[in-house]
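build me a model:
(one chain, ligands or ions: 1)
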Amino acid sequence: MTELTWGRHYAAVEPTAFRVEYAINPFMDPAVQPDGALAHAQWTEMVRVLRSLGARVDVLPQRDDAPDMVYAMNLGLALPGHGGDRVVLSHMRHPQRRMETGSAAGWFESAGWSTSYVGRDGVGAHLEAGDAFAFGGDLVVGYGPRTEELALKALATDLGLRVRGLRITHPGMYHLDLAFCPLDDRRAMVCPAALDDASAAALLDLVPEPLVLTEEEALSTFCANSVVVGRTVVMPACPPRVRAQLEEWGFEVVLVEVGEFHKGGGSVRCLTNPLDVTVGRELVPVPGGEVVLPG
Ligand SMILES: CN(C)C(=N)NCCC[C@H](N)C(=O)O
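I've put the predicted structure just below:
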């Protein structure tokens with residue numbers, strides 16, 4: 001088993017203006033506000049844990065007018081070393097989040113990254129980076145609630161990659177990172193209940209040794225929304241059955257409390273954006289690109 005070659009460098013947004021101002025997913029209720037000081041303390045501890053595991057965490061400031069910007073995973077798909085360091089900025093499905101990418105673009109550009117888009121300012125395909133993960137040499141992309149199918153073709157052509165689309169049908173698992181968490185080169189946590197039948201079968205075919213989560217496990221604990229640093233899985237919670245399997249496979253489970261961020265509909269993975277997924281290492285170049293859709 002080869003451990004993940006990525007997951008040791010992240011961007012995260014310091015939560016100085018996190019609140020639930022609107023409801024764009026089933027977890028959000030503006031009547032249930034996070035405690036700002038507690039959220040900041042939870043985020044600080046999460047960053048400390050990641051750094052203590054050897055991960056680098058770069059911190060972006062939060063815009064005051066962007067309460068969801070703390071979910072850094074959705075800012076863009078960063079691919080270093082691909083004709084220079086390159087990030088495809090998200091084109092958020094909901095206008096309430098679109099201002100976030102302008103600030104993210106500035107941050108990436110000042111750090112030497114080149115930026116591109118598959119759609120922008122409400123024009124063109126929606127892409128939210130919490131839907132896109134490298135696995136098995138390909139980019140696995142969930143589409144439906146947030147990312148649009150049209151974005152898959154643009155990504156594949158633009159980046160010269162094989163993009164495997166999975167159709168998300170569960171309203172509560174509106175990003176793929178609530179239902180899919182790569183663990184190493186053969187294993188991943190997967191929640192087939194998030195997907196239509198053909199996509200669920202395609203995902204199970206793609207992962208040689210899946211740790212299959214029930215809908216209840218994925219939704220009530222956010223356990224697939226975890227981050228893997230080497231053989232350590234940093235999780236918001238871990239059902240006993242899931243912990244037993246992870247430990248049998250040689251992983252260490254480290255729990256971090258990020259409950260205030262569950263009020264906005266995201267957890268550890270959503271709060272971090274990996275900056276070390278590399279074309280030519282985790283992603284196999286495919287000249288011209290290719291999209292593979294289930295069934
Ligand atoms: C696992 N998920 C869903 C994420 N990658 N991101 C969380 C985004 C939450 C934000 N309120 C929204 O609804 O966009």
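
next, give phi and psi for the residue of the stretch 151-295 of the chain found nearest the ligand.
Proximity to the ligand, evaluated over the stretch 151-295 of the chain using CB to the nearest ligand atom, is greatest for G266 at 2.9 Å. Every residue, glycine included, has its C-beta placed from N, CA and C. For G266, the backbone dihedrals (degrees, to the nearest 10) come out as phi -150, psi 160.

next one: the one 5 residues further on
Backbone dihedrals for L271, given as degrees, to the nearest 10, come out at phi -80, psi 0.

do you know how far it is from S226?
11 Å (CB to CB, to the nearest Å).

number of nearby residues for the residue lying closest to the residue of the stretch 151-295 of the chain closest to the ligand once chain neighbours are set aside?
Excluding the flanking residues, the one nearest G266 by CB to CB, 6 or more residues apart in numbering is Y71, at 4.5 Å. Y71: 29 surrounding residues under other CB atoms under 10 Å.

got the buried residues for stretch 106-123?
Across stretch 106-123, burial judged by 16 or more other CB atoms under 10 Å covers W107, F108, W113, Y117, V118, G119, R120.

taking those one by one, which sit in strands?
Within those, residues falling in strands by DSSP state E are Y117, G119, R120.

how about the contacts made by the first one?
Pointing back at Y117 there. Contact partners of Y117, counting by CB atoms under 8 Å, 6 or more residues apart in numbering, are V88, L89, H91, G124.

can you pull the pLDDT of it?
On the pLDDT scale, Y117 is placed at 96.

my read: T147 touches G119, true?
No. Using CB atoms under 8 Å, T147 is not in contact with G119, being 10.2 Å away.

can you pull the residues that touch both of the two?
Each of A125, H126, L127 lies in contact with both T147 and G119 under the rule CB under 8 Å, 6+ apart.

and of the residues you listed, the nearest to A12?
L127 (20.2 Å; CB to CB).

who's in contact with that closest one?
L127 makes contact with L77, V88, S90, H91, V118, G119, T147, E148, A151, A154, L155, according to CB under 8 Å, 6+ apart.

among those, name the buried ones.
For the contacts of L127, buried by 16+ other CB under 10 Å: L77, V88, S90, H91, V118, G119, T147, E148, A151, A154, L155.

burial measure for the single nearest residue of the stretch 101-250 of the chain relative to the ligand, as a count.
Going by CB to the nearest ligand atom, the ligand is nearest to G130 of the stretch 101-250 of the chain, at 2.8 Å. Neighbour count of G130, defined by other CB under 10 Å: 25.

just confirm it contacts M173, I think it does.
No. The criterion here is CB under 8 Å, and G130 misses it with M173 at 10.8 Å.

list residues touching both of those two?
Counting by CB under 8 Å, 6+ apart, G130 and M173 have no contacts in common.

hang on, isn't M173 packed against A218?
Yes. When contacts are counted by CB under 8 Å, M173 is listed as touching A218 (6.5 Å).

what residues are shared contacts of those two?
Counting by CB under 8 Å, 6+ apart, the contacts common to M173 and A218 are A179, C191, A193, A194.

for the ligand, what are the nearby residues on the stretch 101-250 of the chain?
Proximity of the stretch 101-250 of the chain to the ligand (CB under 6 Å from any ligand atom) is limited to residues G130, Y174, H175, D177, L178, N225.

in JSON lines: those, plus secondary structure.
Supplementary listing: those in JSON lines, determined by DSSP: H, G, I helix; E, B strand; the rest coil:
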{"residue": "G130", "secondary structure": "helix"}
{"residue": "Y174", "secondary structure": "coil"}
{"residue": "H175", "secondary structure": "coil"}
{"residue": "D177", "secondary structure": "helix"}
{"residue": "L178", "secondary structure": "helix"}
{"residue": "N225", "secondary structure": "coil"}
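
quick check: the farthest pair among those residues?
Taking CB to CB, no two of those sit farther apart than Y174 and N225, at 11.7 Å.
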